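1. missing the sequence, but the structure's below:
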């Protein structure tokens, strides 16, 4: 553990020194430019169709529709390692104000259980925009029709439950539920929503947890059945209880936010804060929040940084107490 910690620290210091050097070199060019004036590289740390992908492409559409970003925006899905691949690439762009990315629960949990050279608080915070909660689902033809039936059966036979990311909110939510309800389960992790949904529909899993945006169509078609919701209020049109209403208050949600690499100029950070204040006032953004059953939670700059710090500490405590991490 000591060697690993020393190696991590050495890596982080190397990247930060490199980032500071790049920031210094870019600083001169940045001061001479009228920001933004170059192509934007948008990193999506998960595959197409997931919550990160949907939010990123919604913001890009709003920026392009209103001509708020004057140059080309190139979005790239860099999935793998529960976000480690994408955010690892993003971390290496330290000092470059023409890179941007979005956050999810894995942004906080992946560094807690993987040998990453970065921590969530290493990046430049732009804004927390919303909190995302999870549905518990089974196949549409399952004999389990209610949340109570799911709990009863899980106590008799451990179910396999799938989610996005190895040690993520998708893992923490069923873990807290199982502790409170008194059952065990086998967690199966995936990198993309399409793979997760296919695993449930093919019968490889007993249940999954998923963002409403990724499965509402499958629920409406009858291919999946929603049993319960981890948020404070069930999505509109679904006659299901929340975990809290059923007696299991898990109290964990997924932060949907926007970040830049470490050490970017403050002027670039402020440009994005000002721009996102306009984005969240658009009807397209309000429709995104409503259609994806998100809870709007807006915090800019330092407030977002404080939220990341507090959430990281809370997730670390939960995962250590459960034995999921050392």
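-> In hand now; what should we look at? Just so it is clear, the model here is predicted, and its values are computed rather than measured. Residues are numbered from 1 along each chain as shown.

2. what residues are up against the residue lying closest to residue 71 once chain neighbours are set aside?
-> Excluding its sequence neighbours, the residue lying closest to residue 71 (Cβ to Cβ, 6 or more residues apart in numbering) is residue 39, at 5.2 Å. No exception for glycine: its C-beta is placed from N, CA and C like everyone else's. The contact partners of residue 39, by Cβ atoms under 8 Å, 6 or more residues apart in numbering, come to 71, 72, 73, 74, 98.

3. Ranking by neighbours, what's the top pick from those?
-> With neighbours taken as other Cβ atoms under 10 Å, the top of the contacts of residue 39 is residue 98, carrying 20 neighbours.

4. coming back round to it: look up how far residue 278 lies from the residue nearest to residue 71.
-> 21 Å (Cβ to Cβ, to the nearest Å).

5. What is the helix or strand containing residue 315 packed up against?
-> Assessed by DSSP states H and E, residue 315 sits inside helix 302-322. Helix 302-322 makes packing contacts with helix 105-113, strand 124-132, helix 169-181, strand 254-260 when contacts are defined by 3 or more Cβ pairs under 8 Å, 6 or more residues apart in numbering; DSSP states H and E.

6. for the third one, packing partners?
-> What that stands for is helix 169-181. Other elements packing on helix 169-181 under the criterion 3+ Cβ pairs under 8 Å, 6+ apart are helix 105-113, helix 147-156, strand 160-164, strand 186-190, strand 207-210, helix 302-322.

7. picking up where we left off before, and the pLDDT for the residue nearest to residue 71?
-> For residue 39, the model assigns a pLDDT of 97.

8. Look up phi and psi at it.
-> With angles defined as degrees, to the nearest 10, residue 39 sits at phi -60, psi 140.

9. now it: how far from residue 65?
-> Plainly put, residue 39 is 18 Å away from residue 65 if you go by Cβ to Cβ.

10. Same check on residue 36?
-> Using Cβ to Cβ, one gets 17 Å for the distance from residue 36 to residue 65.

11. more crowded one of those two?
-> Higher neighbour count among residue 36 and residue 65: residue 36, with 18 against 10, using other Cβ under 10 Å.

12. Can you name the helix or strand that the more buried one falls in?
-> Assignment of secondary structure by DSSP H and E places residue 36 within no helix or strand.

13. circling back: need the helices and strands packed on helix 302-322 in JSON lines with mean pLDDT and mean neighbour count, can you?
-> Below are those laid out as JSON lines (pLDDT from 0 to 100; neighbours: other Cβ atoms under 10 Å):
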{"stretch": "helix 105-113", "mean pLDDT": "88", "mean neighbour count": "25"}
{"stretch": "strand 124-132", "mean pLDDT": "94", "mean neighbour count": "23"}
{"stretch": "helix 169-181", "mean pLDDT": "91", "mean neighbour count": "23"}
{"stretch": "strand 254-260", "mean pLDDT": "93", "mean neighbour count": "26"}
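
14. As JSON lines, those with distance to residue 51 would be great.
-> Listed next are the helices and strands packed on helix 302-322 as JSON lines, based on distance: least, Cβ to Cβ, whole Å:
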{"stretch": "helix 105-113", "distance to residue 51": "9"}
{"stretch": "strand 124-132", "distance to residue 51": "6"}
{"stretch": "helix 169-181", "distance to residue 51": "10"}
{"stretch": "strand 254-260", "distance to residue 51": "7"}
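
15. To residue 318, which of these lies closest?
-> Between residue 318 and the helices and strands packed on helix 302-322, the shortest separation by Cβ to Cβ is 6.1 Å, and it involves helix 169-181.

16. Tell me which residues are up against the closest one.
-> 104-106, 109, 134, 136, 151, 154-155, 161, 163-165, 184-185, 187, 189, 209-210, 230, 243, 247-254, 315, 318-319, 322, 324.

17. could you redo the last one with a cut-off of 6 Å?
-> Outside of helix 169-181, the residues that reach it under the criterion Cβ atoms under 6 Å, 6 or more residues apart in numbering are 105, 134, 151, 161, 163-164, 185, 187, 209, 230, 248, 250, 252, 254, 322.

18. Repeat that for stretch 224-237.
-> Here stretch 224-237 makes contact (Cβ under 6 Å, 6+ apart) with 133-138, 140, 147, 150, 173, 212, 215, 218-219, 238, 240-243, 250, 293.

19. how about 7 Å then?
-> For stretch 224-237, contacts defined as Cβ atoms under 7 Å, 6 or more residues apart in numbering pick out 133-140, 142, 146-147, 150, 173, 200, 212, 215, 218-219, 238, 240-243, 246, 250, 253, 293, 295.

20. All good on my end, thank you.
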